[in-house]
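Peer 1: Generate coordinates for the sequence data below:
(one chain, ligands or ions: 1)
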Amino acid sequence: MGAFDPHLFLALVLSPLLVRAAWVTLWVAAASQAIGIAIGLGAGAMLLAGHRLPRAVAWTYSWLFRGTPLLAQILFFYAVLPQLDVHLDIVATGLLAMGLNEGARMGEIVRAGLMSVPGEQREAAAALGLHRWQGFVLIVVPQALRAALPAVGNNFSYMIKATSLLSVIAFAELLRTSQQLAQSLSRPLEVYCAAAAWYLVLISAWTTIQHMMERRLARADAGGRAAPTARRGTEHSQLAAGRLLPREEPGGPARDAVIAARGLSKRMGGMPVLDGIDLVVRRGEVVVIVGPSGSGKSTLLRALNWLDPPDSGRVEIEGRDIAFRSSRSGRPVPRRAAEIDRQRQRIGMVFQRFNLFPHMTACDNVAVGLRRLRGTKMQAARARALDLLARFGLQDKAAAFPHELSGGQRQRVAIARALAMDPIALLFDEPTSALDPETVKEVLDAMEDLARTGTTMIVVTHELGFARRVADRIVVMEQGRIVAEASPRSDRRKGDEAAAAPGAAAIAVGPANPGPLPGRI
Ligand SMILES: Nc1ncnc2c1ncn2[C@@H]1O[C@H](COP(=O)(O)OP(=O)(O)OP(=O)(O)O)[C@@H](O)[C@H]1O
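Peer 2: You can find the predicted model right below:
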């Protein structure tokens, strides 16, 4: 046999036979991985499904394929399928076995990736009006895959080596080819070393690519700085003390109403969170909702665009019920989800923690609704997004990812995103609570600017200075109910234009000056 012959080793490594076998190994591994990812996406989603049947199907599949050896699965497909009158060639048999096996492992990886995407991201997608599946494909899946990339990368390394198991069914991959060469040359040392060299080359090349991809994606990593906790000042009881009027009795359908909520009620954890809320917001009006923590302000806001539907009650957007239509007999019939999504597109929403999509630049965050929901061409959508970013002083941040922006900048991008769809009203859910004190002002200024230009806004906030300056109405909530309303004179802000606006007289039910309010609650 003799000692190791380096010349023979090199000649074998570069021999067309082994080069071809290495190529076969690579494409079989890549194809199996692709099949596995496709199956794993479905299996991962099914494992998290609300319904028991898809969960059970995915769990059984995963249990079966992760619980039995890959070699046994390959032999099963090779030997048993023909007996069942299913005839596959060796390539198809190999891909089927490897793909199904990988799909089971990918299902678990995808499940973990999907669970790592915060619910706020789905909510932000829904608030834009993206359909459920659009939010899943465009927002959730990219983030889930990014979180899963290291695990997928490791799996692919394993897959390259696992192709060697296909040698048992005479699949001419690297190991099988080496076996044949070793027999014919009677030089197993050099042959198997050459095969090992090819495995190492493939794995090392892949590891390098994987690291490059991870570094690239890390740029768009959400890992934003932890938001400071909300500052809460004095108690809510200080707010209302003698300075706010009892609330206006709900009337009939309000003229010029943009959003009208009637009798919204909701229980959570056995407790009433909304308790018969009536609220009408007219065009151009700024309504600020205040109240103690847990009084139901955010729940109300999320009920208004049906993100978090109430148990009872209705919401009309410009006179059209957001969630129900009338049947021929006049009975209310729930609208289809797609119809509700379309209605929701007309109401922009800004969240406390921004909820920007971390895998998209500022520009893409703003443009995504236009592109996906309006079908606006890429160039036009980007131009509109750049205009909006410029409006909020962010023209030089268009290419930045959310984690590259300050809290105030992120929130201004979020406002630009909400405005991109030309909404008829904007909902703000404590937009400054997650900001550093020094960046609060820049966001409040942006909101004040919006109010000045006549944007209809409903704002949940603890910033009472802002409320006094900007609000047409301050609504106070307590224990799921509206307990008081005040109307700081809006004429300071909007002047004659607002005074002449329809409904202005109806709004100004409070005293000219509701009295000194604490700065923040
Ligand atoms: N998923 C849930 N399950 C059970 N109870 C919930 C859930 N979400 C909210 N709640 C309860 O509903 C009530 C209203 O919550 P909500 O977030 O609307 O209050 P909030 O007025 O916005 O409070 P904050 O000012 O602290 O944000 C709270 O008592 C809260 O504990």
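
Peer 1: Look up how far His211 lies from the residue nearest the centre of the chain.
Peer 2: Nearest to the mean C-alpha position of the chain, by C-alpha atoms, centre = their mean, lies Gln121 at 3.0 Å. Distance, Gln121 to His211, using C-beta to C-beta, to the nearest Å: 26 Å. Quick note: C-beta positions are derived from backbone N, CA and C, even for glycine.

Peer 1: where are the low-confidence patches of the stretch 1-150 of the chain?
Peer 2: Residues of the stretch 1-150 of the chain meeting the criterion pLDDT under 70: 1-2.

Peer 1: What residue in it comes nearest to the ligand?
Peer 2: Closest to the ligand within the stretch 1-150 of the chain is Gly119: 10.2 Å, counting by C-beta to the nearest ligand atom.

Peer 1: Next, count neighbours for that residue.
Peer 2: By the criterion of other C-beta atoms under 10 Å, Gly119 has 9 neighbours.

Peer 1: Could you do Asp85 as well?
Peer 2: Neighbourhood size, Asp85 [other C-beta under 10 Å]: 6.

Peer 1: Pull stretch 176-196 out as PDB, backbone CA atoms only.
Peer 2: Taking Å, rounded to 0.1, in the frame of the first residue of the first chain, the C-alpha atoms of stretch 176-196 are listed here in PDB:
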ATOM      1  CA  ARG A 176     -20.200   6.900  -2.800                       C
ATOM      2  CA  THR A 177     -17.900   8.100  -5.500                       C
ATOM      3  CA  SER A 178     -14.900   7.900  -3.100                       C
ATOM      4  CA  GLN A 179     -15.900   4.400  -2.200                       C
ATOM      5  CA  GLN A 180     -15.800   3.300  -5.800                       C
ATOM      6  CA  LEU A 181     -12.500   5.200  -6.400                       C
ATOM      7  CA  ALA A 182     -10.900   3.600  -3.300                       C
ATOM      8  CA  GLN A 183     -11.900   0.200  -4.500                       C
ATOM      9  CA  SER A 184     -10.700   0.600  -8.100                       C
ATOM     10  CA  LEU A 185      -7.400   2.400  -7.100                       C
ATOM     11  CA  SER A 186      -6.700   0.400  -3.900                       C
ATOM     12  CA  ARG A 187      -5.500   3.700  -2.400                       C
ATOM     13  CA  PRO A 188      -8.200   4.300   0.300                       C
ATOM     14  CA  LEU A 189      -6.000   6.700   2.300                       C
ATOM     15  CA  GLU A 190      -5.500   9.300  -0.400                       C
ATOM     16  CA  VAL A 191      -9.100   8.800  -1.800                       C
ATOM     17  CA  TYR A 192     -10.800   9.300   1.600                       C
ATOM     18  CA  CYS A 193      -8.500  12.200   2.500                       C
ATOM     19  CA  ALA A 194      -9.400  13.800  -0.800                       C
ATOM     20  CA  ALA A 195     -13.100  13.300  -0.100                       C
ATOM     21  CA  ALA A 196     -12.600  14.700   3.400                       C
END
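
Peer 1: so where do the helices sit in the stretch 301-450 of the chain?
Peer 2: Secondary structure of the stretch 301-450 of the chain (DSSP state H, counting those that start in this stretch): helices located at 337-344, 362-369, 378-391, 407-420, 437-452.

Peer 1: ah, wrong one, I meant the stretch 51-200 of the chain
Peer 2: Assigned by DSSP H, counting those that start in this stretch, the stretch 51-200 of the chain shows helices spanning 52-67, 70-75, 81-83, 90-116, 119-128, 132-134, 141-162, 174-185, 188-219.

Peer 1: Select, out of the ones you listed, the one closest to Phe466.
Peer 2: helix 119-128 (21.9 Å; C-beta to C-beta).

Peer 1: what packs against the closest one?
Peer 2: The elements that helix 119-128 packs onto, with contact taken as 3 or more C-beta pairs under 8 Å, 6 or more residues apart in numbering; DSSP states H and E, are helix 337-344, strand 347-350, helix 407-420.

Peer 1: angle of it against helix 141-162?
Peer 2: 130 degrees (axes from the mean of the first three to the mean of the last three C-alpha atoms, to 10 degrees).

Peer 1: any idea of the angle helix 119-128 forms with helix 337-344?
Peer 2: Relative orientation of helix 119-128 and helix 337-344, computed by the same axes, to 10 degrees: 80 degrees.

Peer 1: check which helix or strand covers Ala34.
Peer 2: Using DSSP states H and E, Ala34 falls within helix 16-47.

Peer 1: what comes up buried for that helix?
Peer 2: For helix 16-47, burial by neighbour count (16 or more other C-beta atoms under 10 Å) applies to 18, 21-22, 24-26, 28-29, 31-33, 35-37, 39-47.

Peer 1: do the same with stretch 299-319
Peer 2: Residues 299-310, 313, 315-317 are the ones in stretch 299-319 that count as buried (16+ other C-beta under 10 Å).

Peer 1: Between the two ends of it, how far is it?
Peer 2: With C-alpha to C-alpha, to the nearest Å as the measure, stretch 299-319 spans 22 Å from end to end.

Peer 1: what's the spacing between that stretch and its chain's center?
Peer 2: Computed by C-alpha atoms, centre = their mean, to the nearest Å, the chain-centroid distance of stretch 299-319 equals 21 Å.

Peer 1: any idea of the mean pLDDT in that stretch?
Peer 2: Model confidence over stretch 299-319, given as mean pLDDT, is 94.

Peer 1: what do you get for stretch 428-441?
Peer 2: What stretch 428-441 shows for mean pLDDT is 90.

Peer 1: ok now it, how far from the chain's centre?
Peer 2: Computed by C-alpha atoms, centre = their mean, the chain-centroid distance of stretch 428-441 equals 22 Å.

Peer 1: which other residues reach that stretch?
Peer 2: Residues outside stretch 428-441 that contact it (C-beta atoms under 8 Å, 6 or more residues apart in numbering): 227-228, 230-231, 297-298, 301-302, 349-354, 406-408, 411, 414-415, 443-444, 447, 457-463.

Peer 1: if we go to 6 Å?
Peer 2: 227-228, 230, 298, 301, 350-353, 407-408, 411, 443, 459-461 (C-beta atoms under 6 Å, 6 or more residues apart in numbering).

Peer 1: Now do the end-to-end distance for that stretch.
Peer 2: Its first and final residues considered, stretch 428-441 spans 15 Å by C-alpha to C-alpha.
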